[in-house]
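# Fold the following, please.
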Amino acid sequence: MDNKREHKRTPLKVQLRIDHPTRNGQMLVTTRDISESGVFVVIDDAQKLLQIGELVSGQVQGLPIEAPVVLMRVVR
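Numbering: from 1, shown residues only. Presented below is the predicted three-dimensional model:
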């Protein structure tokens, strides 16, 4: 199968906190991989919690220093 991805994915398992701005919700998930253009996470019941196109913020957890909070868009 051809891989037509623009950016190479790198396997990376870290805890990621996702904050939803309007639902006052917070989720702690584990990443599967990361690339220059995004991060892949699996969220149980994601379709009930997040809508495609929504903006959320994310922050990697468990680092020796506080990671930056980044703005992310739900794409799938």
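# I'd assumed Ile43 was in a helix, is it?
No: under the criterion used here (DSSP: H, G, I helix; E, B strand; the rest coil), Ile43 is coil, not part of a helix.
# Not counting sequence-adjacent ones, nearest residue to it?
Counting by Cβ to Cβ, 6 or more residues apart in numbering, Ile43 lies nearest to Val29, which is 5.6 Å off, once chain neighbours are set aside. Yep, even glycine has a C-beta here, placed from its N, CA and C like the rest.
# Direction included, what does the strand or helix carrying that neighbour pair up with?
If you go by DSSP states H and E, Val29 is part of strand 25-35. According to DSSP bridges, strand 25-35 forms sheet pairs with strand 10-11 (antiparallel), strand 15-20 (antiparallel), strand 38-41 (antiparallel).
# roughly how far is it from the heart of the chain?
4 Å (Cα atoms, centre = their mean, to the nearest Å).
# got the buried residues for it?
Using 16 or more other Cβ atoms under 10 Å as the test for burial, strand 25-35 gives Met27, Val29, Thr31, Ile34.
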